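# What follows is a predicted protein model with its sequence.
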Amino acid sequence: MNITQTFRKLIIGGAALAVTAGFGAAGAQADNLSDLAKQAAAIEHPVVWYESSQEDQIEKVIAKFNERYPDVKVQHLRVAGGNKMTGRIIQEIQGQGYSGDLVTTGAAQAWEMNDRSLLQSADWQALGVPEKLTPVDFTVAIAASVYVIIINTDRVKPADEPKGWEDINDPKWKGRMGSWVRAGAHTQMAKVWGVEKAQTELEEYVKLQPLLFKSTFPLAQQVGAGEVDIAIGFFHTAQPPMDAGAPVKRIALDPAPMHTIYTSMTKGARNTPGAKLFLSWLATPEGAAAYEDATSRGNHLLEGTKTYDLVKNAKVAEWPAEETDKYQETFAVFNKILGSAGAAK
Amino acid sequence: MTDAVLAPDDRAGLSLRWRLARWVPSLSLGVLLAWMVLVPLALVLISSFKPTGFPSDKGWTTENYSDVYFSAEFWELVGNTVQFAFGATIMALSLGALIAWLVERSDLPMKGLVRALVILPMATPPVLMAIGWVMLLSPRTGAINDLLIYLFNLDSAPINIYSMGGMIFVEGLALVPSTFLILSPAFRNMDPSLEEAAFTSGAGLFTTIRKIFLPLLAPTIMAAAVFLLIVGFLVFDIPGTIGMPVGIFVLSSQVVYLANDAPGGLPEYGLISAMAIFFLVIVLTLAWSYQRYTRLQGQFVTVTGKGWRPRSVALGKWRWPAFTMIAVYFLLAVAAPVAILIWTSLMPYQSGVSLDMLEKATLANHIDFFSNRRAVQSSINSVLIAIAASTAVALLSVLVSWVVIRSKAPGRKIIDALSFLPIAIPGTLIGVGLIYVYLTINFIPIYGTIWIIMIAYTTNYLSFGSRATHGVMIQLHADLEDAAKTSGAGWWRTMRRIIVPLAFPAIAAVWIWVLAHCMRELTSALLLAGANNTTLPVLLWGYWSGGEPNKAAAIGVWLVFAMLICVAGWQIMASRSKSSGREAF
């Protein structure tokens, strides 16, 4: 046997081993998921999922999940806002010992709950969740809220359309700009620009006297209604007026500020196998697509999603979860600066 | 049997029983109110001294107080809030009192219709009313501004709703129905001989109002003013929609920020609770002032044992101008917002009023409402909660007012304070308190049911109910009860045959007011919502906050319609009652 034959055998043997190992891992995952599905179906309690999207939207996600796992019951409970959701979980676990099985929040809330030992860890990668979605073992990134420019196409001529950050602080938008009352976008931009530059940009932005709206969906609606011509808002919030035929258009930003959305399994879960199964499924291309189709919030870390395409060529601006304290400090300062905006000041 | 024939032991026993009996009303009510009010209040207090704001968490601190009260921002917000609350109160009191007097004491045309329509704005969820006014008076897209620019060839919009004046105007309009419902029964219960005497003595209409009406109605007007002021301090929807866009923030904006958007990832219940203590101090001060002012009850009595029927003042040449004034009020407070609500409900997306958009009108949002199974369940939940809470508030209010105003029961001032305190507790904190209470007390399994929301509403609205019934109870002369007792009637019979019928206009007003507010209340319902107890406002909020304001408007339209049916039913009952000779309404 010459060297070439030996090398070929080694390659073939190695490839066979790799394929076997690969199939083995996939097979093990399938076994895991299949076991989880059986265990989950045997538990009386459904998987209760605390999440902030509309019920109609999440029903579609659950229906898609049930196509694959028909015996596992998932119940969605819409809870207003991440902070209140976290507060409720704390109270429920302190009071009755159980709570929602899964909770979808931002990084600040997930890390806060983990600090309070309210979350369950799991070997998510063993369940097929890509490593990049689960930087820590107590939560999984399932989507992102990405900031974009939203314009009213009836009021902003194509030639005047902003191209990106460089056009945002143009004085021509004075009195025409709308903003969420919280400075989330500029706070995330501070990670890329540095706090000082982000603050300078925000102070210039404030000079435009943007109309401040208490939440982001109404902001997008007001762009559609022509109350403001342009706004920095979330990609997904512009979807309802666009679906309804409003003259609204989104323009991507680079750098693209965003908030990653995490789903975590609580220690108050009563159907842990079901929670693991459902969360693992949400992190699959099928689950991510179902969630994105329903809510317009997709997973920027998963190739194939629209959100991935939206930001794939842009620099992402987001404070990593381990720097949550710095984010919170900047957010508080920037909120005060933005709060000083407004024609009444 | 008299003391003269009783043995000393019997006399002592009777005296003890009598003393105990004196405590029964305040004790039984006190226990109930303490459960409803003191428990959440205690949790608010504890929360204000906790580093995280969660009562069960470890550690104690006074930092929440120093963070709140040593902050310049807080006092700036207080300044804005005082301006807003006083402005709205003055406007609502002036308009509400005038309309109540015209409806109850004058020969105004179409009084029944006015009485029915005046309270309709209560059914409109405040956030939708505020959005409606933005759509009417925004400098950029407001329909009225557009019309004025077109008619008078103006260069720019003459009215800017985004201002403190705009906030006061819309809140003032929104508070008129509450003012009307508090003042109207008191106007109706006034003995006409007092004004007749004034007129006979040559006093004119305005002198009579100044020298007869205002002094006699002072407790009721004061109760209304106190109530409206506190509402003005706590309300968020209108300042949040009209003031926030141009940077006018009030205390409630800060409460919403701390509850929803605080950077730490948790609601800042500790800071909110520390702020709530500020509201509590204001409420207690106002309640104390009210008690001091009304301690000489005799001077406000207008309902005695003498037979009388209400007399209408002839407005003469002012009859139609007065009607026109009320018509303008309807146009502003009812027709315009409801028309905008209907317009929005027919549009595929939020838009200004224009002929172009008319082509896009659709019934899809209404069809969606009726074909949505959650809407049906939420409607049933809302109606059940509203009926139960409004009945509970009406009953409790009468009892509280009787104990506080009519009885000599010890501790009645505490009962009064307890019934008024809930108004100072933001809905969010009542919700948080109730979650703790009913998660801890497992043997009352109401967490996640409609009953926990009903308790929250009853607690929340008891302040209004008791203020409204206080005003009428204070007008009833003690002779009425004494006469009943002399005739052998017991407490229950006296209440049933004398007190309740005479106070019924106020009780009915309270019932309707609470019903309407329960049908639209959101804050605590949102916090207490579970899988099976969603209410209609929570569904409405879901649509609004989820980017579908047109679906929210469709719900708003049907809420107004439901309210119209309730009010019409109320009026039909009232007219039947009158025709059968009972002045019950």
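Now that the structure is in, tell me what you want to look at.
# Near residue A:271, how many other residues are there?
25 (other CB atoms under 10 Å in any protein chain shown). The way it works is simple: take the backbone N, C-alpha and C, and place the C-beta from them, glycine included.
# any idea which helix or strand carries the residue in the stretch 401-550 of chain B that chain A sits nearest to?
Closest approach between the stretch 401-550 of chain B and chain A, counting by CB to the nearest CB: residue B:439, at 2.7 Å. Assessed by DSSP states H and E, residue B:439 sits inside helix B:427-440.
# how far is the next helix or strand after that helix from where the chain is centred?
Next along the chain after helix B:427-440, taking DSSP H and E as the criterion, comes helix B:450-473. Distance of helix B:450-473 from the chain centroid (CA atoms, centre = their mean, to the nearest Å) equals 9 Å.
# between helix B:450-473 and helix B:427-440, how big is the angle?
Interaxial angle of helix B:450-473 relative to helix B:427-440 (axes from the mean of the first three to the mean of the last three CA atoms, to 10 degrees): 130 degrees.
# Need the mean per-residue confidence for the helix or strand following helix B:450-473.
Next helix or strand after helix B:450-473 toward the C-terminus (DSSP H and E): helix B:478-486. Across helix B:478-486, pLDDT averages out at 78.
# Give the buried residues for helix B:478-486.
B:480-481, B:484 (16 or more other CB atoms under 10 Å in any protein chain shown).
# Just give the number of residues close to the residue lying closest to the residue of the stretch 401-550 of chain B closest to chain A once chain neighbours are set aside.
Of all residues not flanking residue B:439 in the chain, residue A:95 sits nearest, at 2.7 Å (CB to CB, 6 or more residues apart in numbering or on different chains). For residue A:95, the neighbour count with other CB under 10 Å is 19.
# on that earlier part again, model confidence over the helix holding residue B:439, on average?
Average pLDDT, helix B:427-440: 79.
# Run through the residues that contact the residue in the stretch 51-200 of chain A positioned nearest to chain B.
The minimum distance from the stretch 51-200 of chain A to chain B, using CB to the nearest CB, falls at residue A:95 (2.7 Å). By CB atoms under 8 Å, 6 or more residues apart in numbering or on different chains, the residues touching residue A:95 are B:56, B:435-436, B:439-440.
# Equivalent analysis for residue A:308, please.
Residue A:308 neighbours (CB under 8 Å, 6+ apart): A:298-302.
# Tell me the buried residues in the strand or helix carrying it?
Per DSSP H and E: residue A:308 is located in helix A:306-311. Neighbour-count burial for helix A:306-311 flags A:307-308, A:310-311 (criterion: 16+ other CB under 10 Å).
# Helix or strand next in line after it, which one?
Beyond helix A:306-311 toward the C-terminal end (DSSP H and E), the next one is strand A:316-317.
# so what strands line up beside that following strand?
Looking at strand A:316-317 with DSSP bridges, its partner strands are strand A:256-265 (parallel).
# Go through the partner strand and flag the buried ones.
A:256-265.
# Show me what whichever helix or strand comes after that strand is packed up against.
Sequence-wise, the next helix or strand downstream of strand A:256-265 (DSSP H and E) is helix A:272-282. Using 3 or more CB pairs under 8 Å, 6 or more residues apart in numbering or on different chains; DSSP states H and E, the elements in contact with helix A:272-282 are helix A:3-42, strand A:47-51, helix A:55-68, strand A:102-105, strand A:140-152, strand A:256-265, helix A:285-295.
# For the stretch 301-450 of chain B, what lies in contact range of chain A?
B:348-352, B:360, B:374, B:432, B:435-436, B:439-440, B:442, B:447 (CB under 8 Å from any CB of the partner chain).
# switch to 7 Å and redo it
Contacts of the stretch 301-450 of chain B with chain A, taken as CB under 7 Å from any CB of the partner chain, map to B:348-352, B:374, B:435-436, B:439-440.
# Out of those residues, which comes closest to residue A:273?
residue B:439 (25.4 Å; CB to CB).
# what sits against the closest one?
Going by CB atoms under 7 Å, 6 or more residues apart in numbering or on different chains, residue B:439 touches A:91-92, A:95-96, B:447.
# can you count the residues close to the single nearest residue of chain B relative to chain A?
Closest residue of chain B to chain A, CB to the nearest CB: residue B:247 (2.3 Å). Residues contacting residue B:247 under the criterion other CB under 10 Å number 21.
# correct me, but it touches residue A:341?
Yes: using CB atoms under 7 Å, residue B:247 is in contact with residue A:341, at 5.7 Å.
# Which residues are in contact with each of the two?
Joint contacts of residue B:247 and residue A:341 (CB under 7 Å, 6+ apart) are residue A:212.
# Let me see the backbone angles for the residue of chain B closest to chain A.
Backbone geometry at residue B:247, expressed as degrees, to the nearest 10, gives phi 80, psi 20.
# and what of residue B:155?
When quoted as degrees, to the nearest 10, the phi and psi of residue B:155 stand at phi -80, psi -30.
# again, but for residue A:318
Dihedral angles of residue A:318 (phi, psi; degrees, to the nearest 10) stand at phi -160, psi 130.
# Can you name the residues that contact residue A:175?
Counting by CB under 7 Å, 6+ apart, residue A:175 makes contact with residue A:209.
# redo that, cut-off 10 Å
If you count contacts by CB atoms under 10 Å, 6 or more residues apart in numbering or on different chains, residue A:175 has them with A:208-211, A:228-229, A:343, B:139-140.
# and residue B:88, what is it in contact with?
B:167-175, B:228-229, B:231-232, B:235, B:238-239.
# Can you flag the buried ones in these?
Applying 16+ other CB under 10 Å to these flags B:167-175, B:228-229, B:231-232, B:235, B:238-239 as buried.
# Same question for the helix holding residue B:439: list its buried residues.
Neighbour-count burial for helix B:427-440 flags B:427-439 (criterion: 16+ other CB under 10 Å).
# With distance to residue B:81 as new columns, can these be given to me in a markdown table?
As requested, those are exported to a markdown table (distance: CB to CB, whole Å):
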| residue | distance to residue B:81 |
| --- | --- |
| B:427 | 17 |
| B:428 | 17 |
| B:429 | 17 |
| B:430 | 20 |
| B:431 | 22 |
| B:432 | 22 |
| B:433 | 23 |
| B:434 | 26 |
| B:435 | 27 |
| B:436 | 28 |
| B:437 | 29 |
| B:438 | 32 |
| B:439 | 33 |
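# circling back: can I get the helix or strand harbouring the residue of the stretch 51-200 of chain A closest to chain B in PDB? Just the C-alpha atoms.
According to DSSP H and E, residue A:95 maps onto helix A:82-96. In PDB, the C-alpha atoms belonging to helix A:82-96 read as follows (Å, rounded to 0.1, in the frame of the first residue of the first chain):
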ATOM      1  CA  GLY A  82     -39.900  43.700  29.900                       C
ATOM      2  CA  ASN A  83     -39.600  45.500  33.200                       C
ATOM      3  CA  LYS A  84     -43.200  44.700  34.300                       C
ATOM      4  CA  MET A  85     -42.700  41.100  33.100                       C
ATOM      5  CA  THR A  86     -39.700  40.700  35.200                       C
ATOM      6  CA  GLY A  87     -41.500  42.300  38.200                       C
ATOM      7  CA  ARG A  88     -44.300  39.900  37.800                       C
ATOM      8  CA  ILE A  89     -42.100  36.800  37.600                       C
ATOM      9  CA  ILE A  90     -40.300  37.900  40.800                       C
ATOM     10  CA  GLN A  91     -43.600  38.400  42.600                       C
ATOM     11  CA  GLU A  92     -45.100  35.100  41.300                       C
ATOM     12  CA  ILE A  93     -42.100  33.000  42.200                       C
ATOM     13  CA  GLN A  94     -41.900  34.700  45.700                       C
ATOM     14  CA  GLY A  95     -45.600  34.300  46.200                       C
ATOM     15  CA  GLN A  96     -46.700  31.000  44.800                       C
END
